[in-house]
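Asker: give me a 3D structure for the following:
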Amino acid sequence: MGQIRIVWGTGRGPTETAAYDAALAAANVHNYNLVAVSSVIPADATVSRVGTAPDLGPIGHRLTVVEAATTVAGPGVASAGLAWTTGDGPGLFYESAGPTDRATVEARVREGIAAGQDLRDWEMDGPAVETTSIEAESGEYAASVVIAAYGTAEPIL
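Answerer: Presented below is the predicted three-dimensional model:
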């Protein structure tokens, strides 16, 4: 049975990329090459909300993720959210992010996961949600991420 860990973080920096890297560092996934997949959870997976990732393998390896991420220039707010639902079979993720408040992002992921459930003939439990938010001051960038990290990192070469 595979494990999917829900991790999240926020960060600030002098550039968009620096802020994003800082948010990834807060979630402890900054040393991997993130490979985004769509939002289906395999039937044999376990989803755990952990906040900060443990060591998931060697630096530079490929890590499969579903990612909600946004970066804003200050002044502004960066919010990201991820909803998920599982059951006896497969499950589903839904992500949303943007230069908006945390409540709006949470409403979007709840609405999206409900729509995704309606499209599938699967038995799924009610959704779980994780959100992050950070304010950017004038002259800086801020980033917010919520990530579902699938398993451990694998060699990229």
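Asker: can you pull the buried residues of the longest strand seen in the chain?
Answerer: If you go by DSSP state E, the chain has its longest strand at strand 141-154. Neighbour counts over strand 141-154 (16 or more other CB atoms under 10 Å) mark 141-150, 152-154 as buried. C-beta here means a position set from N, CA and C on the backbone, and glycine is covered the same way.
Asker: give me the number of residues near P90?
Answerer: Residues contacting P90 under the criterion other CB atoms under 10 Å number 16.
Asker: helices of this protein, start to end?
Answerer: 16-27, 102-118 (DSSP state H).
Asker: mind giving me TSV with those and columns for distance to P58, mean pLDDT and mean neighbour count?
Answerer: TSV is the format used below for those (distance: least, CB to CB, whole Å; pLDDT from 0 to 100; neighbours: other CB atoms under 10 Å):
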stretch	distance to P58	mean pLDDT	mean neighbour count
helix 16-27	17	98	20
helix 102-118	32	96	17
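Asker: any chance of JSON lines for those, columns distance to S96?
Answerer: Listed next are those as JSON lines, based on distance: least, CB to CB, whole Å:
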{"stretch": "helix 16-27", "distance to S96": "16"}
{"stretch": "helix 102-118", "distance to S96": "4"}
